[in-house]
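Q: Below are the sequence and a predicted model for it; my questions follow.
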Amino acid sequence: MSNSKITKFDAADYLDSEETIAAYINAALEEDDPDILLVAIADVAKARGMSRLAKDAGLGRESLYKALAPGAKPRYDTIHKVLSALGVSLHARPNAAVHH
């Protein structure tokens, strides 16, 4: 029997570039669940440092934690400020599944 130690996966450990962050947030957006998006943004915020991100976004640290908690209903401008501070932005694209 091995004494290997299993560590909990933490996405924040892998979010080390704007490209990776953008891909992670895009994957969360595809899930069509606001809580998944908030968790993804919180993972990125953790990777960058919550205090630093709050300052860069012009928000209080506690406000940032509350805005990114599952079930929160943050305002668009809050999400926009946070994503801008992370170096990414949201973009619209045609949905291939919708036919008119």
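A: Thanks, I have it. As the structure is a computational prediction, the values presented were derived from the model and not from experiment. Residues are numbered from 1 along each chain as shown.

Q: Need the per-residue pLDDT for the residue nearest the centre of the chain.
A: Nearest to the geometric centre of the chain sits residue 41, at 1.3 Å (Cα atoms, centre = their mean). We have a pLDDT of 92 for residue 41.

Q: Tell me the spacing between it and residue 24.
A: 9 Å (Cβ to Cβ, to the nearest Å). Every C-beta, even on glycine, is put in place using the N, C-alpha and C of the backbone.

Q: Same check on residue 66?
A: 22 Å.

Q: More neighbours: the two, which one.
A: Neighbour tally, residue 66 and residue 24, criterion other Cβ atoms under 10 Å: the higher count belongs to residue 24, 19 against 13.

Q: end to end, how far does stretch 10-24 reach?
A: The first and last residues of stretch 10-24 sit 13 Å apart, counting by Cα to Cα, to the nearest Å.

Q: Show me which positions of it end up buried.
A: Buried positions in stretch 10-24, judged by neighbour count with 16 or more other Cβ atoms under 10 Å: 15, 21, 22, 24.

Q: Helix, strand, or coil at residue 37?
A: Here residue 37 is recorded as helix under DSSP: H, G, I helix; E, B strand; the rest coil.

Q: list the contacts for it?
A: Residues near residue 37 by Cβ atoms under 8 Å, 6 or more residues apart in numbering: 25, 28, 29, 31.

Q: Residue 45: which of those residues is nearest?
A: Relative to residue 45, the closest of those is residue 25; by Cβ to Cβ it sits at 11.3 Å.

Q: and the worst-scoring helix or strand of the chain on mean pLDDT, how far from the chain's centre?
A: The helix or strand of the chain with the lowest confidence, counting by mean pLDDT, DSSP states H and E, is helix 18-30 at a mean of 88. Helix 18-30 has its C-alpha centroid displaced from the chain centroid by 8 Å (Cα atoms, centre = their mean, to the nearest Å).
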